[in-house]
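> from the sequence below, what's the structure:
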Amino acid sequence: MSDLPRKAVTRTAKLAALPLGIAGRATWGFGKRIVGESAELVGRELQQRTADQLFKVLGELKGGAMKFGQALSVFESALPEEVAGPYRAALTKLQEAAPPMPTRTVHAVLEERLGEGWHELFLEFEDKPAAAASIGQVHRGVWHDGREVAVKVQYPGAGEALLSDLNQLSRFSRLLGPLIPGMDIKPLITELKDRVSEELDYGLEAQAQQAHAEEFADDPDVIVPQVVHQSDQVLITEWIDGIPMSEIIADGSQEQRDRAGQLLARFLFSGPARTGLLHADPHPGNFRLLPGGPEGEHDWRLGVLDFGTVDRLPGGLPATIGESLRMTLDGEAETVYELLCEEGFVKETIELDPDAVLDYLLPIIEPAEVEEFTFTRGWMRSQAARIADPRSPAYQLAKQLNLPPSYLLIHRVTLSTIGVLCQLGATVRLREELEEWLPGFVPEDPADGEEAVAEA
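Have a look, this model is predicted:
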């Protein structure tokens, strides 16, 4: 069996230590303020110590705790620099690695799922994992037909661990809230819980990955590995090399950052239009930057991994998103407000000032207003601070808005992607991608409708 600490008592004890530690540090902070230290300085130190403990425990536990850490890590850009700096390395580590599963456990899973002669399916198989994440780890190998492959093996008991961790984390989500200003942690955990069964199902993941692989097979900008073989707890895909996005964030050139950001935005918005699926786990560990296109047309391509979490959108992204975004940019406060009410973003029992809603939205959609926009941690922090400050109108309005369930995953993916763009510090032509791929963003030409009627 795995050394993953998944016994309920052990895992619960580790996670339960988090709120106790937070409470203890709060008492320590109160004592320091009594002796005259600045509340601001004490608050920063308290936040830093909390984050240090949080990410240490999450990294050890994997499972749902690790998954939550990965989801949280893309919002690191929203933290004040003096707080984010000291544990940025810990966040990056969460995105790319975790303690490995013992070799004997890996072999046992492969024997159970691929048969006693599983070794014969491979010309080579590396026992040392190439990557480890929240519910499984990846080994490099060579398939019997000579193709280099990535072999993803699911941790035994991963499902039980995921649910146990997320249930425990949800109990003290309010204590974790201060880590990311302006973000409600509980809905994030609830949404992760709702996706557990899908992420554990490698059959669903294989279908989603293969659909993307076929659609992007000849794409000059994006590469998705083909699925080679799939069974319960084992998923084998073609191997792709490349520079992990986390390394680009850490020390990539500006050219690499800009290209990675542009391609990430392109993939986010083009995927649903082309496949009816939205890749819903956009943390840096799931992306690579690969040199060269098929005919040397481009300097870099984006490699996309891990389709365990997807949002199924048969008609692509809802046209309401594009329409409301365009109308907000055009200053059509009343029309935008009506659309938001129709879609359930404003509950029937609440009445808001359309102009106040417009004022709330405009700073957030600033990147779509200009030809190109440079995403920075400073911009992300200013947005988080604006919404998190109880004294600001934005804070009061945000509390009254509602997020309909059908938009929950789209919202999280969009926010996560913006977080990664800010970590990259990328200059991106976002409006170009919206015009190309987002339904409703470019108004329909009445002449097009007339032509369609005439042809019919």
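> quick one, domains of the chain?
Here the domain assignment for the chain is 8-99+159-196, 319-447, based on automatic domain parsing.
> can you flag the weakest of the ones you listed by average pLDDT?
Ranked by mean pLDDT, the domains of the chain bottom out at domain 8-99+159-196, which scores a mean of 55.
> what distance do you get for the residue nearest to residue 320 when sequence neighbours are not counted to residue 292?
Spatial nearest neighbour of residue 320, excluding adjacent residues (CB to CB, 6 or more residues apart in numbering): residue 343 at 5.4 Å. Using the backbone N, CA and C atoms, a C-beta is placed for each residue, glycine as well. Residue 343 sits 43 Å away from residue 292, going by CB to CB, to the nearest Å.
> those two: which is more packed in?
Shown here are residue 343 and residue 292; by other CB atoms under 10 Å, residue 343 has more neighbours (16 against 11).
> who's in contact with the more buried one?
By CB atoms under 8 Å, 6 or more residues apart in numbering, the contact set of residue 343 is 318, 320, 404, 407.
> for these, give me TSV that also has secondary structure, distance to residue 309 and neighbour count.
As requested, those are exported to TSV (DSSP: H, G, I helix; E, B strand; the rest coil; distance: CB to CB, whole Å; neighbours: other CB atoms under 10 Å):
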residue	secondary structure	distance to residue 309	neighbour count
318	coil	19	18
320	helix	23	16
404	coil	19	11
407	helix	16	18
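> any idea how far the residue nearest to residue 320 is from residue 332?
According to CB to CB, residue 343 stands 16 Å off from residue 332.
> how about residue 131?
Going from residue 131 to residue 332 by CB to CB gives 47 Å.
> what do you get for residue 321?
To residue 332, residue 321 is 15 Å away according to CB to CB.
> those two: which has the busier surroundings?
residue 321 (20 against 17).
> the more buried one touches residue 440, doesn't it?
Yes. Counting by CB atoms under 8 Å, residue 321 does reach residue 440; the two are 6.8 Å apart.
> span of stretch 419-439 from start to end?
With CA to CA, to the nearest Å as the measure, stretch 419-439 spans 23 Å from end to end.
> next, the buried residues of it.
For stretch 419-439, the neighbour count (16 or more other CB atoms under 10 Å) marks 419-431, 433-434, 437-439 as buried.
> which ones among the residues you listed map onto helices?
419-424, 430-431, 433-434, 437 (DSSP state H).
> and of those, the nearest to residue 237?
Nearest to residue 237, judged by CB to CB, of these is residue 420 at 22.3 Å.
> so how far is residue 409 from residue 273?
16 Å.
> which one's more surrounded, those two?
Neighbours per residue (other CB under 10 Å) separate residue 273 from residue 409, with residue 409 holding more: 19 against 15.
> which residues touch the closest residue to the more buried one other than its chain neighbours?
The spatial neighbour of residue 409 that comes closest, neighbours along the chain excluded (CB to CB, 6+ apart), is residue 311 at 4.4 Å. Remark: with contacts taken as CB under 8 Å, 6+ apart, residue 311 is in contact with 272, 277-278, 280, 409-410, 413.
> dump the residue contacts of residue 395.
Counted by CB under 8 Å, 6+ apart, residue 395 has contacts 386-389.
> got those as TSV, with secondary structure columns?
Listed next are the contacts of residue 395 as TSV, based on DSSP: H, G, I helix; E, B strand; the rest coil:
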residue	secondary structure
386	helix
387	helix
388	helix
389	coil
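> buried ones among these?
Neighbour-count burial (16+ other CB under 10 Å) applied to these gives 386-388.
> just the closest of the residues you listed to residue 205, please.
Nearest to residue 205 among these is residue 387, at 33.8 Å by CB to CB.
> quick check: the gap between the closest one and residue 150.
Relative to residue 150, residue 387 is positioned 39 Å away (CB to CB).
> then residue 269?
Applying CB to CB, the value for residue 269 to residue 150 is 26 Å.
> could you check which of these two is surrounded by more residues?
In this view residue 269 and residue 150 are compared by other CB under 10 Å, and residue 269 has more residues nearby, 25 against 19.
> okay, and the more buried one sits in which element?
Using DSSP states H and E, residue 269 falls within helix 254-275.
> got the angle between that helix and helix 430-437?
Between helix 254-275 and helix 430-437, the angle comes out at 20 degrees (axes from the mean of the first three to the mean of the last three CA atoms, to 10 degrees).
> averaged pLDDT, helix 254-275. What do you get?
The pLDDT scores in helix 254-275 average 96.
> need the contact partners of the next helix or strand after it.
Past helix 254-275, further along toward the C-terminus, the next helix or strand under DSSP H and E is strand 277-279. Contacts with strand 277-279, where a contact means CB under 8 Å, 6+ apart, come from 208, 211-212, 267-268, 271-272, 286, 304, 307, 309-313, 317, 409-410, 413.
> show the buried residues in those.
The buried subset of those - by 16+ other CB under 10 Å - is 208, 211-212, 267-268, 271-272, 286, 304, 307, 309-311, 313, 317, 409-410, 413.
> just those: which are in strands?
304, 310-311 (DSSP state E).
> of the residues you listed, which is the nearest to residue 378?
Of all those, residue 378 sits closest to residue 304, with 28.1 Å by CB to CB.
> quick one: pLDDT of that closest one?
Looking at residue 304, its pLDDT is 97.
> and for the one 4 residues further on?
For residue 308, the model assigns a pLDDT of 87.
> that one contacts residue 286, doesn't it?
No. Using CB under 8 Å as the test, residue 308 is too far from residue 286 to be in contact (9.4 Å).
> distance to residue 121 added to the contacts of residue 395, as CSV?
Shown next, in CSV, are the contacts of residue 395 (distance: CB to CB, whole Å):
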residue, distance to residue 121
386, 55
387, 52
388, 52
389, 58
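> quick check, nearest of the residues you listed to residue 146?
Nearest member of the contacts of residue 395 to residue 146, counting by CB to CB, is residue 387, at 52.9 Å.
> hmm, residue 394 and that closest one touching each other?
Yes. Applying CB under 8 Å as the test, residue 387 and residue 394 come out as touching, 5.2 Å apart.
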